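K.L.:
give me a model of this one.
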Amino acid sequence: MGYVSAVPVPQPRAARADGAAAASGGRRSLAAALLLGALGATVVLLSAGQIWAEGTASVGGGTVPVEADGGAVTGVPTALAIVGLAALVAVFAVRRAGRTLVSGLLALSGAGAAAAAFLGASDGAALDAEAARISGDTAATVAGLTHTAWPYVTAGGALLILVAGLLALRFGTRWPTMGGRYERTGTPRAARRAPAVSPDRPEDLWKALDRGEDPTREG
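P.N.:
Predicted structure coming up:
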């Protein structure tokens, strides 16, 4: 006596639940990426304008304080933060392969800005250049060189941009497109009901026949 294995039948409720979970996850990742990307770019832009390095330069037998902000040390974090903001907006204007490319650009912007900030945390060239300008001696260097915490704050903001880019790479296909509806999530759409056919109206019967429907079948 043979055995017949039962074939599981997909349950509409389960499909709807999976679709709702995917949509919910897409909304959460979208909100997180927007928040992290915008916050990270803001932190980078603000902290790059703060004092990164301080020291003293010898001028006329005395010393004068010398300092350099993040823009004087390196302009890379500021430039990449602006690129990251543009990429964050552009993610919603493209789809499919274009969205993946823009998401990658967003992640690379954060990584590049973080690397530049970490390198700038120990750089003294900007202060030496300022000392040479003040003293008029091109060979002048800075004494008592110290660095503030702002380069590391900048790097932290850049890492937030990087995380936003990684979220876009991972979940970007579930996000909406600017001016359009949400991307297809694979959830079944509700079937469209055929217009009601009235047997008392011949034109309805002919329209039903044109659609390939049986006008005599009750809905």
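
K.L.:
helices along the chain, start to end?
P.N.:
For the chain, helices defined by DSSP state H occupy the ranges 12-47, 70-73, 76-90, 97-120, 125-135, 150-171, 202-210.

K.L.:
pLDDT averaged over the first one - what is it?
P.N.:
This means helix 12-47. Regarding helix 12-47, the rounded mean pLDDT is 75.

K.L.:
now swap in the fourth one and tell me
P.N.:
When the per-residue pLDDT values of helix 97-120 are averaged, the result is 94.

K.L.:
what angle do that helix and helix 125-135 make?
P.N.:
Helix 97-120 runs at 60 degrees relative to helix 125-135, counting by axes from the mean of the first three to the mean of the last three CA atoms, to 10 degrees.

K.L.:
save the helices of the chain as CSV, and put in distance to Val142 and mean neighbour count too.
P.N.:
Glycine gets a C-beta too; all of them are placed from N, C-alpha and C. CSV is the format used below for the helices of the chain (distance: least, CB to CB, whole Å; neighbours: other CB atoms under 10 Å):
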stretch, distance to Val142, mean neighbour count
helix 12-47, 22, 16
helix 70-73, 13, 22
helix 76-90, 22, 21
helix 97-120, 15, 21
helix 125-135, 4, 18
helix 150-171, 16, 23
helix 202-210, 87, 12
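
K.L.:
quick one: closest of the ones you listed to Gly61.
P.N.:
Closest to Gly61 of the helices of the chain, according to CB to CB: helix 125-135, at 11.1 Å.

K.L.:
now do that closest one, average pLDDT.
P.N.:
77.

K.L.:
so which elements touch it?
P.N.:
Judged by 3 or more CB pairs under 8 Å, 6 or more residues apart in numbering; DSSP states H and E, helix 125-135 is in contact with strand 51-59, strand 62-69, helix 70-73.

K.L.:
tell me which of those sits most buried.
P.N.:
Highest mean neighbour count among these (mean count of other CB atoms under 10 Å): helix 70-73, with a mean of 22.

K.L.:
with just CA atoms, put it into CSV.
P.N.:
Output of helix 70-73 as CSV, limited to C-alpha atoms (Å, rounded to 0.1, in the frame of the first residue of the first chain):
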residue,chain,number,x,y,z
GLY,A,70,40.0,70.8,10.8
GLY,A,71,39.7,72.5,7.5
ALA,A,72,43.4,73.6,7.6
VAL,A,73,44.5,70.1,8.6
